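predicted model, plus sequence, below.
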Amino acid sequence: MTVASPLVRNLAATALGLGLLLPLASLPVFALGAWDKAEPLVIGLHLCAALAAFALAAGAVQCPALVVGCLRHPFVLLPLALAAWSAAAAPFVALPWLSLAGAPQSGQGGLWPLDFALLIAVARMVRQDGLLWRRLGLLAVASVAVVAALKAFDWGWGLSGGRHLLIWVAAYYGWLGLVLPVLVLGDGEERGRWWRWLVLAVAVAVVLASRTLAIGAAGLLGLAAAEGVRRRLWGKGGAVALTGITALLPGLLLAMVPVLRSSASLADRYGLLLMLRHEMSGWGWTSWLTGLGWGRTQDVFHKSLHASGMRLWDGSWTFMTSDYFHSHNVVLEALLSAGVPGALLSLGALMALPLACDPARRAWGAGFAVALAGAGAIWFPLGLSLPALAMAVAALAPPPFPARAGRRLLPMVVFALVGMALAGWAGLLLRHGLEMTAFQNAVSAGASDIPDLPADPRGGDLEAAEIISHAFLGFESVRSAERGRYLPAARSMADYLRRRLPETQTVLLPVSGLSLMAQTHLLGGLTWLGDDLDLSGQLWMQWIDMAWRLAPERGDLAIPLFTRMATTGRSDLLEAGVQRVLSRDPRDPVGLYFHGLLLVQSPDPAVKRAGIDRLRSSIESGLDRFMPLDPALAPLLRQQ
């Protein structure tokens, strides 16, 4: 049997070992960027994958047949195919670099499946060294135990006023509970009973710490699927079918069975489905082929927010106070991001687990596939669990069969270049994150010398929108005597909005600008900034037009401006704005409402009745989803 040299195995094990410690990269000491607990994870994942690529490059020189054997398996080839398809489709989407890099909050883009494939390949290589593999298993158990303890501490300390040590959303850590037993116990090696119970106890502890019923239910479903294989209730084909059904059925049931939406969390998921369905209903064949590109889900949500069927103004919908950047469905996310080919490859990667695993571990493969499919149908992982997931997948694969390899130089050069590219990209993200952190610190300190808001190398403006929104929200509570200190920061961010809004593809950036306008001109929280920043009503309308360029059906974005026009007697401007809304959608409830308000002021009874009809139509079209209804309207609407 061909075996990699100690140097190659140790380099590969280092990549995996650092990956197992990746969840701890969210600790405050590593904080950087707008999402200071998530962005270090993205950088760390790319660095681990870069080390894995360097290990494969070294292996291509020392044992090329083994490297080819580690790569030639569906567990590796399917994610590689998804990465290749994402790269091929990237030039045809609006934000190609963002599609490769993924959203800043997760890093799930075209590079994500490449990272995953590289880590699986080196895990298959390390798997040959039983001692080294067991040491990594011990590290995995220790790492997950520490994560469970830290999340338990977070729930106690954080709820009593302290800052969370790890990511606030604990569900991301629950995935480690699904992965750990397979990683440590699913490789076919015999171990003592106490060790099995310890591993299961740690896995259960992290699932409990995640406080996510869906993850626990997915784990139980996986156990049932594994038991069915052990009892020979179904075989390989049945396990593959069960995996596919588990991945697809929850979304279909949520769309078709209204009673399921009685739960607040499932009603929230249904709102996401409605927005995604609205977006896809307008797709042409090119969009179905390539998708919109990775990292665009948040834009889709804010473009199609009106289609959610949810009330947007009273805080009853979790979405409005949260940072949703994923569809909460792994296959649907791939469809949105990489088209039908991406969805098929994503689903195929799940179904391959029971199909292509070592026959001796078929039950493990079936249970693991169903658990991942169930969890992925209503939730999603972050990169923190990807290295452990890669090791679990490698544990289920048959031993790599050395294959004939051609020249050693070519694969060595390819893997070395991939490693350098990933390491270079991680370095670029690190520099950008540090620049973003420096900008935020300068804003928070009220520094007089504010650097320009750094341009995102991913090409989008999600980070800028996040930072600008939070900064101006913080300015609302600044005391009068200290306001002057924050004017340089306010000017810098307002200038960024003026420069970027005409060309941005990120819906949230104009939304952030419109929020600033509303606080300055209507709500009063930032009135003190209005004159200094030259935020005129004319500019406000221009920014609404820029928002409508990206989200043409979001008439609700104009509610604050229309309200100000109505209360300040600018009927001429209000009429012009309302007609812009109604020209796009004659049934837009916001347009109908404000047009009705204009018409009911007419002394002509016929015009006034037409205004009342418009107000009634606005209510029938769902106005109460976008703004509270004025009680004073009730007597008016009762008129015949």
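Looks like it arrived, so ask away.

next, the buried residues of the biggest helix by length in the chain.
Longest helix of the chain, by residue count under DSSP state H: helix 409-445. Within helix 409-445, the residues scored as buried using 16 or more other Cβ atoms under 10 Å are 411-412, 415-416, 418-419, 422-423, 425-426, 429-430, 432-433, 435-437, 439-440, 442-443. Every C-beta, even on glycine, is put in place using the N, C-alpha and C of the backbone.

now that helix: average pLDDT?
For helix 409-445, the mean pLDDT works out to 95.

what do you get for stretch 451-471?
What stretch 451-471 shows for mean pLDDT is 93.

that one spans what distance, first to last residue?
Stretch 451-471 has an end-to-end distance of 15 Å (Cα to Cα, to the nearest Å).

before we move on, what about stretch 124-134?
13 Å.

now that stretch, how far from the chain's geometric center?
Relative to its chain's centre, stretch 124-134 lies at 33 Å (Cα atoms, centre = their mean, to the nearest Å).

same check on stretch 352-372?
Worked out by Cα atoms, centre = their mean, stretch 352-372 lies 27 Å from the chain centre.

can you get me a residue count around Leu637?
Here the number of neighbours of Leu637 (other Cβ atoms under 10 Å) works out to 13.

how near is it to Pro628?
Counting by Cβ to Cβ, to the nearest Å, the separation of Leu637 from Pro628 is 15 Å.

before we move on, the earlier item: which SSE is immediately downstream of the longest helix of the chain?
Tracing the chain past helix 409-445, the next element assigned as helix or strand by DSSP states H and E is helix 462-475.

quick check: angle from whatever helix or strand comes next after that next one to helix 409-445?
Downstream of helix 462-475, the next assigned helix or strand under DSSP H and E is helix 487-500. Between the axes of helix 487-500 and helix 409-445, defined by axes from the mean of the first three to the mean of the last three Cα atoms, to 10 degrees, the angle is 130 degrees.

quick one: low-confidence parts of this protein?
Applying pLDDT under 70 to the chain flags the ranges 1-2, 158-162, 187-190, 403-408, 634-636, 638-640.

go with 80
Where the chain drops to pLDDT under 80, the residues are 1-4, 156-163, 186-192, 402-408, 530-531, 630-640.

quick one, helices of the stretch 101-250 of the chain?
Using DSSP state H, counting those that start in this stretch, the helices of the stretch 101-250 of the chain run over 111-126, 130-159, 171-185, 193-210, 213-230, 236-256.

would TSV of those with distance to Ala369 and mean neighbour count be doable?
Rendered in TSV, the data for these read as follows (distance: least, Cβ to Cβ, whole Å; neighbours: other Cβ atoms under 10 Å):
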stretch	distance to Ala369	mean neighbour count
helix 111-126	15	28
helix 130-159	20	17
helix 171-185	10	26
helix 193-210	17	18
helix 213-230	8	19
helix 236-256	4	18
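
out of those, which gets nearest to Ala38?
Nearest to Ala38, of all those, is helix 171-185, at 9.2 Å by Cβ to Cβ.

next, His328: secondary structure please.
coil (DSSP: H, G, I helix; E, B strand; the rest coil).

surely it meets Leu266?
No - between His328 and Leu266 there is no contact, the gap being 10.6 Å when judged by Cβ atoms under 8 Å.

hang on, the earlier thing: any chance of the helices of the stretch 101-250 of the chain in JSON lines, with distance to Ala377 too?
Output for the helices of the stretch 101-250 of the chain, formatted as JSON lines (distance: least, Cβ to Cβ, whole Å):
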{"stretch": "helix 111-126", "distance to Ala377": "19"}
{"stretch": "helix 130-159", "distance to Ala377": "23"}
{"stretch": "helix 171-185", "distance to Ala377": "13"}
{"stretch": "helix 193-210", "distance to Ala377": "17"}
{"stretch": "helix 213-230", "distance to Ala377": "8"}
{"stretch": "helix 236-256", "distance to Ala377": "4"}
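
can you tell which of those is closest to Ala53?
Nearest of the helices of the stretch 101-250 of the chain to Ala53, taken as Cβ to Cβ: helix 111-126 at 5.4 Å.

counting by contacts, list what that closest one packs against.
Applying 3 or more Cβ pairs under 8 Å, 6 or more residues apart in numbering; DSSP states H and E, one finds that helix 111-126 contacts helix 6-20, helix 39-62, helix 64-71, helix 74-89, helix 130-159, helix 386-396, helix 409-445.

run the chain-centre distance for that helix.
For helix 111-126, the distance to the chain centre is 21 Å (Cα atoms, centre = their mean).

and what of stretch 587-600?
Distance, centroid of stretch 587-600 to centroid of chain: 36 Å (Cα atoms, centre = their mean).
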